[in-house]
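Chemist: Attaching a predicted model along with its sequence, questions to come.
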Amino acid sequence: MCGRYATARARQELLDQFAVGLDDIDGDLEPDYNVAPTKQVPAVLTRAPRDEPTEAVRELRTLRWGLVPSWAKDLAIGSRMINARFETVHEKPAYRRAFARRRCLLPADGYYEWYKTEGEGKPRKQPFFIRPQDGSIMAMAGLYELWKSPADEWVWTCTVITTDAPDALGRIHDRMPMIVRRDRWDAWLDPALSDADEVRGLLVPALDGSLATAMEAFPVGQAVSNVRNNGPQLIEPLADDTTGPAGPGEGALF
């Protein structure tokens, strides 16, 4: 799964990288090195204005992480719907309408997973940060929904699509976010593309091998385990660490 990630790019960089036509974020966009469920996260999506006869516009806005289907009675359900499995997302009632017409990209610098270490005493969960080796933005495949609250307000929510992790990363966790290749961003964001098979064809499973060589993983401090902690220090590699999936004495870079 993907239950924690970092998104710290500057607003202008996101606008430029994703060729955004409409900046729809109110106020500042602060870097967040410890994104957790129910937080507001930056997202890129393409949507036609409801009351204007114009073409769809690519926009940058924030969404609440944890998708809430339009038919849900309570916003709280979103905390259990932070991830949608690639294998079944087009079939599940909670996701299939969004998969057809409400897809988005969720920019990230990387994501965290916890690996259960073995040794004397009680097992310990060691956090790892996983990111592109070249420092590029991760465009995570996402879906978004609009939910009308009892106060008659629209709440925009989202989920991250996940897939099987390649062997190297799977030693930390068997799932990872689905990443959309740059040359497929336009099609992924196109609300006019609604055929489930065509949409699924835009997503390249991580197990094809190319992703494993493009990602790196390294252990970080335990501070990230507390959602109240934040800042760039959370993604700093642990110094002289020799414990992890690579085994004692081996590197933790995949």
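Modeler: Looks like it arrived, so ask away.
Chemist: Okay, and the beta partners of the nearest residue to Tyr111 once chain neighbours are set aside?
Modeler: Closest residue in space to Tyr111, ignoring its immediate chain neighbours: Tyr5 at 3.9 Å, by C-beta to C-beta, 6 or more residues apart in numbering. In short, each C-beta sits where N, CA and C put it, glycine included. When bridges are called by DSSP bridges, Tyr5 pairs up with Val35, Tyr111.
Chemist: Could you do Trp156 as well?
Modeler: Bridge pairing for Trp156 (DSSP bridges) gives the partners Leu146.
Chemist: doesn't Arg64 make contact with it?
Modeler: Yes - counting by C-beta atoms under 8 Å, Trp156 does reach Arg64; the two are 6.6 Å apart.
Chemist: Lys73: what secondary structure?
Modeler: coil (DSSP: H, G, I helix; E, B strand; the rest coil).
Chemist: I'd like to know how far it sits from Ala84.
Modeler: Separation of Lys73 from Ala84 (C-beta to C-beta, to the nearest Å) stands at 20 Å.
Chemist: now the helices for the stretch 151-254 of the chain?
Modeler: Ranges of helices within the stretch 151-254 of the chain are 167-170, 185-189, 196-201, 210-214, based on DSSP state H, counting those that start in this stretch.
Chemist: who's in contact with the third one?
Modeler: Read that as helix 196-201. 86, 90, 96, 99-100, 103, 188, 193 (C-beta atoms under 8 Å, 6 or more residues apart in numbering).
Chemist: For Pro69, which non-adjacent residue is spatially closest?
Modeler: Spatial nearest neighbour of Pro69, excluding adjacent residues (C-beta to C-beta, 6+ apart): Ala94 at 4.8 Å.
Chemist: Enumerate every residue touching the one you found.
Modeler: By C-beta under 8 Å, 6+ apart, the residues touching Ala94 are 67, 69, 81, 84.
Chemist: ok, Glu30 - how many residues close by?
Modeler: 10 (other C-beta atoms under 10 Å).
Chemist: scratch that, Gly110
Modeler: Neighbour number of Gly110 under other C-beta under 10 Å is 24.
Chemist: Look up which residues are beta-bridged to the residue lying closest to it once chain neighbours are set aside.
Modeler: Of all residues beyond its chain neighbours, the one nearest Gly110 is Arg131 (3.0 Å), with distances taken as C-beta to C-beta, 6+ apart. Beta-bridge pairing of Arg131 under DSSP bridges involves Glu216.
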